[in-house]
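Trainee: could you work out the structure for the sequence below:
(one chain, ligands or ions: 1)
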Amino acid sequence: MCGIVGYAGPRRASPILLEGLKRLEYRGYDSAGIAIGRGDGSLSSVRTVGKIQALKDAVPKDLGGTWGIGHTRWATHGGVTQANTHPHFDGSGKIAVVHNGIIENYRALREMLAKEGVVFTSETDTEVIPNLVARYYKGDLEAAVKAALVHLEGTYGIAVIHADEPGRIVGARNGSPLVVGVGEGETLLGSDVMAFISSTSRVVYLNDGEIVSLDPSGFRITDRSDSRVDRAADAVTWELGAIEKGEYPCFMEKEIFEQPDSIGRALGGRLDQDNATAKLGGLNLDRRYQRAVSRVNIIAAGTSWHASLVGAQLLESVARIPASADVASEVRYRNPVVERDSLWFAVSQSGETADTLYAMREIQRKGANVLGICNVVGSTIARESDGGVYVHSGPEIAVASTKAFTSQLAAFYLFTLHMARMRDMSRAEGERFLAGLAAVPDMIKTVLGRRDAIQAVAKKYSRRRDFLFLGRGLLYPIALEGALKLKEISYIHAEGYPAGEIKHGPIALVCPEVPTVFLVSDDGLREKVISNIREVKARGGPAIAVGVEGDKELEGIVDDFIPVPKMDSRFYPFTMVVPLQLFAYFCALDLGRDVDQPRNLAKSVTVE
Ligand code: M6R
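Mentor: Alright, predicted model coming up:
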């Protein structure tokens with residue numbers, strides 16, 4: 001949430017900062033700004049409301065200065081106005097700060113500083129920071145930032161510059177990510193590696209409580225006790241092409257169509273045909289411990305929670321291990337019981353979601369092992385978890401998560417197979433499960449081939465204001481996911497429900513104006529869902545079904561039918577979610593929405 005970029009080097013800073021902000025735009029896009037050192041004891045600054053393009057248009061093409069900071073905002077404290085846009089400055093205008101996170105005690109700090117004569121120009125919590133730094137500044141920016149940080153309660157990732165310290169940027173992290181980019185004769189800073197991916201792929205991740213002071217020749221990290229931290233640079237393996245739209249009109253469409261490949265990467269090297277099981281190298285748990293696990297608890301948010309709900313059902317039904325998946329923001333404050341021999345998972349595409357991260361830390365504090373299922377390598381959850389599985393989807397840029405979801409599913413299917421084979425699953429059954437999993441990428445290709453038919457269905461319904469999405473068993477979380485996708489990018493109200501539950505209330509919504517999307521498997525629950533469809537049809541509700549190819553009865557009773565290829569029913573979550581992603585996408589497109597950057601949202605939610 002919110003993006004930070006910083007540059008110190010020999011090149012002109014403004015184009016580099018603007019490019020970094022463009023790549024970070026998915027983290028927040030309501031306003032943006034930059035501050036650049038001029039080298040004459042003053043700073044230049046431009047701040048605009050709206051997307052990065054507005055900032056690009058406003059920045060003079062010849063703006064000089066070789067070090068600076070930039071920020072793209074997702075508003076927390078104070079409305080979307082130019083005055084609230086970062087960077088924020090001290091009274092003298094010499095110190096500039098960009099900040100991600102929330103300073104919880106900012107009101108008390110504002111009062112204290114106001115009594116000392118500081119005049120505030122914004123409604124933000126951030127503005128206390130440059131003024132605190134100014135309070136302590138005696139010619140050493142790093143020392144002044146350290147003194148200022150002592151006052152701050154809450155979360156922050158900050159970058160600070162002073163007009164009188166050419167080439168220097170001081171960054172600090174507590175709860176909001178910061179990464180140093182190590183270039184040739186230049187050093188960069190970002191809230192994630194996207195900020196500087198086209199300049200360098202050598203990165204150093206900061207941990208909470210650490211401060212970095214950087215200049216073109218390098219960087220120095222210190223911790224809370226002021227001890228020097230030596231940390232080698234990691235290499236980022238993402239290719240530039242992976243973060244560009246290529247032939248697609250937007251990232252969401254590109255990411256939906258990448259799924260056969262991204263799932264292939266998640267499964268790559270992990271299908272152990274010789275032993276009819278899955279190989280997961282990063283679990284970091286000895287086999288005896290794994291065998292003794294008596295319960296699995298999963299925490300996550302949004303789409304990752306939906307993948308976790310599928311994972312929990314699978315673990316119970318296939319590996320016969322009691323399992324549940326919970327919303328991380330609830331778990332953290334519930335004082336959860338952490339049973340002996342229970343294993344926990346924190347699932348997060350970004351690996352930075354504050355709710356999931358803080359819940360994970362709380363559970364670790366109680367002594368449990370928490371494994372991560374993450375996409376972003378080097379992210380905080382990936383680094384702080386006790387082991388886990390990278391899903392290798394490649395960068396996911398559209399705010400609506402699609403390919404990360406199916407790769408998270410892949411991780412759960414692999415883990416389930418691994419645990420099941422350590423328990424009661426036979427070799428023959430393991431082989432069947434492996435074959436089903438290996439077939440998923442091709443099955444998804446077939447579904448993607450039905451793009452035009454799905455677009456036609458979306459066109460027919462895109463002007464409806466309310467939708468119901470219903471499924472049972474493994475397809476109930478897919479109904480939740482279909483409803484979430486539709487609401488977040490098209491702004492159409494949609495509710496996901498277990499199909500059997502509609503008679504307990506939601507059926508009151510059924511009428512000719514409210515379509516219901518049914519997910520219909522060919523397992524033992526099919527008949528039950530068909531009955532639900534008849535109940536909806538009897539009340540005049542339009543019914544759309546995503547069902548199994550060749551199901552003529554189903555096709556005959558619904559208004560619109562989207563078939564997926566027949567397969568082992570345990571794998572339908574993969575194929576049935578894809579038509580729902582496309583349906584949401586085409587509805588949003590038809591309504592003229594900004595698909596990649598829907599209103600009010602941001603990709604990585606790093607505040608509570
Ligand atoms: O990065 P995470 O997987 O932790 O993100 C969790 C949610 O914020 C995320 O899935 C959100 O719901 C997406 N916008 C859904 O498309």
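Trainee: what residues does the protein put near the ligand?
Mentor: Applying CB under 6 Å from any ligand atom, we find that the chain lies next to the ligand at 301-304, 348-350, 353, 356, 399-401, 484, 488, 601, 604-605. (Each C-beta comes from the backbone N, C-alpha and C, glycine too.)
Trainee: now, which of those lie within strands?
Mentor: Of the residues of the chain next to the ligand, the ones assigned to strands by DSSP state E are residue 348.
Trainee: residue 195: neighbour count?
Mentor: Other residues lying near residue 195 total 29 when counted by other CB atoms under 10 Å.
Trainee: I'd say it and residue 178 touch.
Mentor: No - with contact defined as CB atoms under 8 Å, residue 195 and residue 178 do not form a contacting pair (9.8 Å).
Trainee: any residues in contact with both of these two?
Mentor: Common neighbours of residue 195 and residue 178, using CB atoms under 8 Å, 6 or more residues apart in numbering, are 4, 189.
Trainee: residues touching the nearest residue to residue 464 once chain neighbours are set aside, list them.
Mentor: Once its chain neighbours are removed from consideration, residue 464 has its nearest residue in residue 515; the separation is 5.7 Å (CB to CB, 6 or more residues apart in numbering). The contact partners of residue 515, by CB under 8 Å, 6+ apart, come to 461, 464, 467, 468, 541, 542, 543, 544, 559.
Trainee: rerun that using 10 Å as the cut-off
Mentor: Residues in contact with residue 515 (CB atoms under 10 Å, 6 or more residues apart in numbering) are 457, 460-461, 464, 466-469, 494, 536, 541-544, 559-560.
Trainee: quick check, nearest of those residues to residue 27?
Mentor: Each of the contacts of residue 515 was checked against residue 27 using CB to CB; the closest is residue 494, at 25.2 Å.
Trainee: for that closest one, list each beta-bridge partner.
Mentor: residue 467 (DSSP bridges).
Trainee: could you break the chain into its assigned domains?
Mentor: 3-236, 240-438, 446-594 (automatic domain parsing).
Trainee: redo these as CSV? Include mean pLDDT.
Mentor: What follows is the domains of the chain, written out as CSV (pLDDT from 0 to 100):
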stretch, mean pLDDT
domain 3-236, 95
domain 240-438, 95
domain 446-594, 97
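Trainee: I figured residue 40 was touching residue 94, is that so?
Mentor: No - distance between residue 40 and residue 94: 11.5 Å, which falls outside the contact criterion (CB atoms under 10 Å).
Trainee: so between those two, which is more surrounded?
Mentor: Relative neighbour count places residue 94 above the other of residue 40 and residue 94, with 20 against 11, counting by other CB under 10 Å.
Trainee: contacts only, for the more buried one.
Mentor: Residue 94 sits next to 37, 41-43, 130, 133-134, 137, 161-165 when contact means CB under 10 Å, 6+ apart.
Trainee: narrow those residues to those in strands?
Mentor: Taking DSSP E as the definition of strands, these contribute 37, 43, 161, 162.
Trainee: looking at those residues, spot the one nearest the ligand.
Mentor: Closest approach between the ones in strands among the contacts of residue 94 and the ligand, by CB to the nearest ligand atom: residue 161, at 29.6 Å.
Trainee: my guess is the closest one meets residue 141, correct?
Mentor: Yes - applying CB under 10 Å, one finds residue 161 in contact with residue 141, separated by 7.6 Å.
Trainee: overlap of the contact sets of these two?
Mentor: 95, 168, 169, 170.
Trainee: excluding chain neighbours, what is closest to the third one?
Mentor: On the basis of CB to CB, 6+ apart, the spatially nearest residue to residue 169 that is not a chain neighbour turns out to be residue 6, at 4.5 Å.
Trainee: is it true that residue 63 touches residue 15?
Mentor: Yes - taking contacts as CB under 10 Å, residue 63 lies within contact range of residue 15: 8.9 Å.
Trainee: measure the residue lying closest to residue 73 once chain neighbours are set aside to the ligand for me?
Mentor: What sits nearest to residue 73 in space, not counting adjacent residues and going by CB to CB, 6+ apart, is residue 31, at 4.8 Å. Applying CB to the nearest ligand atom, to the nearest Å, one obtains 20 Å for the distance of residue 31 from the ligand.
Trainee: then residue 592?
Mentor: Relative to the ligand, residue 592 is positioned 20 Å away (CB to the nearest ligand atom).
Trainee: ok, now which ones touch the residue nearest to residue 73?
Mentor: Applying CB under 10 Å, 6+ apart, the residues contacting residue 31 are 47-52, 54-55, 71-75, 79-86.
Trainee: now the end-to-end length of stretch 185-203.
Mentor: Stretch 185-203 stretches 14 Å from its first residue to its last (CA to CA, to the nearest Å).
Trainee: on that earlier part again, give me the buried subset of the contacts of residue 94.
Mentor: Buried residues within the contacts of residue 94, defined by neighbour count using 16 or more other CB atoms under 10 Å: 37, 43, 130, 133, 134, 137, 161, 162, 163, 165.
Trainee: determine which two of these are furthest apart.
Mentor: Among these, 37 and 134 lie farthest apart (CB to CB), at 16.1 Å.
Trainee: list the contacts for the residue in the stretch 251-400 of the chain that the ligand sits nearest to?
Mentor: Minimum separation of the stretch 251-400 of the chain from the ligand (CB to the nearest ligand atom) falls at residue 302, amounting to 2.0 Å. Taking CB under 10 Å, 6+ apart, we find residue 302 in contact with 327-328, 348-349, 353, 355-356, 400-401, 405, 480-481, 484, 488, 601, 605.
Trainee: which one of these is nearest residue 532?
Mentor: Distances from residue 532 to the contacts of residue 302, taken as CB to CB, are shortest for residue 480 (16.1 Å).
Trainee: SS state for the closest one?
Mentor: Residue 480 carries the three-state label helix when classified by DSSP: H, G, I helix; E, B strand; the rest coil.
Trainee: in the stretch 201-350 of the chain, which spans are strands?
Mentor: Under the criterion DSSP state E, counting those that start in this stretch, the stretch 201-350 of the chain contains strands at 202-205, 211-215, 218-222, 228-229, 234-235, 271-272, 277-278, 295-300, 323-327, 342-348.
Trainee: now the stretch 401-550 of the chain
Mentor: So, for the stretch 401-550 of the chain - with DSSP E, counting those that start in this stretch - the strands run 466-471, 493-498, 516-519, 543-548.
Trainee: sheet-wise, list the partners of the last one with their directions.
Mentor: The strands beside strand 543-548 in its sheet (DSSP bridges) come out as strand 516-519 (parallel), strand 560-564 (parallel).
Trainee: distance from it to the middle of the chain?
Mentor: Centre-to-centre, strand 543-548 and its host chain are 29 Å apart (CA atoms, centre = their mean, to the nearest Å).
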